Every structure is written in structure tokens, then in C-alpha cells.
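>>> starting from these lines, generate the structure:
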Amino acid sequence: MSSNNSSSKVVTVDEQAFEQAGEQTVDEDSVPVVDETPVFEATVKQEIQAKVDANHPDGIANTSTERIHGVTLEQEERIRAREAELERISSQAELGTQEGREKRTREITARRSVERRMTFQKRAASVDPMADPDRVDPRAELTREQLAAVNKQSMRLADQLDGWSRAVIGQRLGEAVVGGKDLPSAVVNVFEELQTAPGQVIPIGKLEEVDRNEVSIDGHVETLWDPSHPSIAQVGLIADESGQTRVTIWEKSEALWIKEGEQVRIHKAARNWYEGRVSLAVTGWSTIHFPNRDRWWEA
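Numbers count the residues shown, from 1 in each chain. All right, here's what the predicted structure looks like:
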């Protein structure tokens with residue numbers, strides 16, 4: 001039984017063709033022009049699959065508690081991957097530019113440097129107690145007048161001793177004064193101690209007082225004579241204001257030749273004895289420098 005409220009219009013195939021023909025473009029002879037451009041449209045199967053991918057739970061990537069509606073599985077995977085990549089880049093940027101990181105790095109480096117220096121000084125203190133980093137500065141026990149006198153003398157000695165700072169000299173003088181020495185005696189003792197310390201150029205007149213085998217001197221060549229053995233390259237006397245000593249230059253040292261009247265500085269010369277007096281030998285470990293050689297502007 002049909003209802004009177006419903007209405008429908010049945011259109012025949014001929015009517016559809018007539019309507020479509022009425023919409024077509026005709027040429028000048030009233031012949032319909034057929035548009036042969038292909039129209040690509042999704043098939044029914046493709047449309048159904050797209051709806052499944054977009055809305056069905058099985059078509060959504062299970063990467064979050066919240067679903068992304070309206071996108072395919074492939075699209076959601078790309079979105080999730082992009083979000084993860086952006087989060088990683090953001091984390092790296094924050095780590096690389098975090099506030100105070102450069103300052104903390106400098107502080108850690110400085111602290112480790114101090115620790116290494118303290119370890120080295122602790123080891124050095126086993127040979128020289130003055131190098132102990134935990135040692136209290138003896139100048140703290142001096143009176144104001146004593147401290148002023150020690151500082152004055154340390155300034156004077158610093159001008160005479162190469163390579164020694166006022167602070168080190170002041171500590172040595174303070175140690176001597178606190179130990180009971182009067183200041184003049186302390187000055188003499190500290191000066192002689194530092195003057196003959198390892199690495200210092202030793203006055204030739206002090207060579208007999210040094211208790212090590214290698215020394216450095218600075219003086220002028222007084223005279224040279226013929227060697228007594230083929231293994232000796234040169235032999236002669238070198239002197240400074242404090243004295244003179246015999247110097248033998250061995251052939252195997254391959255050292256530069258020296259000339260009479262020339263100023264020379266010899267590092268790591270071997271100290272030995274000849275006819276009851278101290279002498280020096282230039283070996284393969286020694287080096288000879290000529291402060292005035294090749295100074296053409298003074299020629």
C-alpha cells in the first residue's frame with residue numbers, strides 16, 4: 001500500500017539523455033561536441049577503503065591514547081614521526097644552549113687543574129717541604145716590622161735571581177727568620193740556595209758547592225789548547241766573575257765549536273773532577289748557546 005505523502009519522480013533513460021544533450025555544447029552546424037577529456041574518479045572499493053582507514057579503529061596507528069581522526073594510517077605515521085623528530089631536536093637545542101653550561105664547564109676544568117697541581121705539589125713536598133700546598137705561610141708569624149724587612153729584601157733578591165718570584169723568595173726568607181736566623185744570615189743563605197738550585201745558571205765559583213752531576217754555566221772562553229786524545233774535540237778554560245773551570249767538549253757530543261773570547265752558555269754540562277778541582281764536560285746531553293754570536297748589528 002502506497003502512501004499519498006511520499007512523492008517520487010521517475011525519469012526515463014531517454015529523458016536523461018535529452019537533458020544531458022541539452023547541456024552539451026554544439027558547433028556551428030548544431031552538432032553536439034563531445035568532451036573526450038577523461039575524468040578520474042575513485043571506485044566504490046577505493047571509497048570504502050578510504051573510509052575504513054580514516055574511521056575504523058584497526059586502521060589507526062596505536063601510537064597514542066588519542067586517535068587522529070580524518071587521516072589515513074600512512075598520514076598518521078608521518079605525523080607521529082614528525083612530532084617525535086621535532087621533540088628530539090627541541091631537546092638537543094635545549095641541552096646545547098642551557099643557561100650556565102659554559103660557566104660550569106670552565107669551573108670543572110679549573111677545579112681539576114687545581115687538583116692536579118695540588119697532587120704534584122704534594123709529591124714535590126717529599127723532596128722540598130717548602131712546596132707543600134698545605135704548609136702555612138711562615139710570614140704570617142712575623143711581626144709587622146719583620147714582614148716589612150723581609151718584603152724589602154725579597155724585592156732586592158728578585159732582581160738578582162732569574163726565575164724566582166718575590167713571593168717564593170719572601171716565603172724562604174720568612175721560613176728562615178721564623179726558624180731563628182737573623183735577617184742578614186737568612187738573606188745570604190736563601191740567595192745561595194736559590195742561586196744554585198736545579199735549572200739555574202751556576203756561578204763558576206760555586207760549582208764545588210753543588211751536590212748534583214749536571215749544571216749550567218755562563219761565561220767567556222779564556223783560552224783553548226790542543227786536545228790530548230782524539231776522542232776530545234776541544235778543551236779549554238771558561239770563566240765568569242766568580243772563577244774559572246776547565247771544560248772538555250767530547251767529540252761524540254757533536255757540539256758546536258767555541259772560540260777564544262766568546263761568550264757561551266752551557267746547559268746540562270757533566271760535573272766531574274780533574275787534578276783535585278771541579279771541571280765540566282760537554283756530552284751528548286749538553287747544549288751550548290752563544291748569546292752574542294751572529295749579532296750582525298754589533299759587528
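>>> quick one: end-to-end length of stretch 255-272, please.
Using C-alpha to C-alpha, to the nearest Å, the end-to-end distance of stretch 255-272 comes to 19 Å.
>>> and it, which residues are buried?
255, 258, 263-264, 266-267, 269-271 (16 or more other C-beta atoms under 10 Å). The C-beta positions use only the backbone N, C-alpha and C, and glycine is treated the same way.
>>> state the distance from V114 to K252.
As defined by C-beta to C-beta, to the nearest Å, V114 lies at a distance of 45 Å from K252.
>>> what does I108 give?
I108 sits 50 Å away from K252, going by C-beta to C-beta.
>>> return the helix or strand in the chain with minimum mean pLDDT.
Within the chain, no helix or strand scores below helix 13-23, which has a mean of 49 by mean pLDDT, DSSP states H and E.
>>> which strands or helices does the helix or strand M118 falls within pack on?
Using DSSP states H and E, the element containing M118 is helix 101-125. Contact here means 3 or more C-beta pairs under 8 Å, 6 or more residues apart in numbering; DSSP states H and E; on that basis helix 101-125 packs against no helix or strand.
>>> ok, then the element right after it?
Immediately after helix 101-125, counting by DSSP H and E, sits helix 144-160.
>>> and I48, what are its phi and psi?
Geometry field for I48 lists phi and psi as phi -70, psi -40, criterion degrees, to the nearest 10.
>>> er, D182 I mean
The phi/psi pair for D182 (degrees, to the nearest 10) reads phi -80, psi 160.
>>> neighbours of it, how many?
If you count neighbours by other C-beta atoms under 10 Å, D182 ends up with 9.
>>> pLDDT below threshold where in the stretch 101-250 of the chain?
Scanning the stretch 101-250 of the chain for pLDDT under 70 picks out 101-102, 121-122, 124-136.
>>> so for stretch 44-64, mean pLDDT?
Stretch 44-64 shows an average pLDDT of 61 in the prediction.
>>> and R277, how far from A239?
For R277 relative to A239 (C-beta to C-beta), the value is 13 Å.
>>> give me the common contacts of the two.
T245 (C-beta atoms under 8 Å, 6 or more residues apart in numbering).
>>> more neighbours, these two?
Neighbour count, other C-beta under 10 Å: between R277 and A239, A239 has more, with 16 against 11.
>>> which strand residues bridge that one?
H220, Q244 (DSSP bridges).
>>> quick one: it from E87, how far?
Distance, A239 to E87, by C-beta to C-beta: 80 Å.
>>> which residues does stretch 155-164 contact?
Stretch 155-164 is contacted from outside by 165-166, 169, 173, 187, 190-191, 194-195, 199-201, using C-beta under 8 Å, 6+ apart.
>>> please disregard the earlier target; I meant stretch 171-188.
130, 137-139, 141-142, 146-147, 149-150, 153-154, 157, 189-190, 193-194.
>>> okay, now R246: neighbour count?
Around R246 there are 16 other residues, counting by other C-beta under 10 Å.
>>> which one is it nearest to, not counting chain neighbours?
S279 (4.1 Å; C-beta to C-beta, 6 or more residues apart in numbering).
>>> so that neighbour sits in a strand?
Yes. Counting by DSSP: H, G, I helix; E, B strand; the rest coil, S279 is located in a strand.
>>> thought it was touching A269?
No. S279 sits out of contact with A269 when judged by C-beta atoms under 8 Å, with a separation of 9.4 Å.
>>> and W273, helix, strand or coil?
Secondary structure assignment for W273 (three-state DSSP): strand.
>>> tell me who's in contact with it.
The contact partners of W273, taken as C-beta under 8 Å, 6+ apart, are S279.
>>> please tell me how far it sits from P230.
From W273 across to P230, the span is 23 Å (C-beta to C-beta).
>>> same check, this time on D162
Separation of D162 from P230 (C-beta to C-beta) stands at 38 Å.
>>> those two: which is more packed in?
The residue with more neighbours, out of D162 and P230, is D162; 11 against 7, by other C-beta under 10 Å.
>>> tell me if I am right that the more buried one is in a helix.
No. D162: not assigned to a helix; according to three-state DSSP it is coil.
>>> separation between it and Q200?
As for D162, its distance to Q200 is 7 Å (criterion: C-beta to C-beta).
>>> ok, the residue nearest to R246 - how many residues close by?
Residues lying near S279 (other C-beta under 10 Å) number 18.
>>> ok, now which ones touch it?
By C-beta under 8 Å, 6+ apart, the residues touching S279 are 245-248, 271-273.
>>> which of these lies closest to I48?
Relative to I48, the closest of these is R271; by C-beta to C-beta it sits at 103.6 Å.
>>> does the closest one touch N213 like I think?
Yes. Between R271 and N213 there is a contact under C-beta under 8 Å: 5.5 Å.
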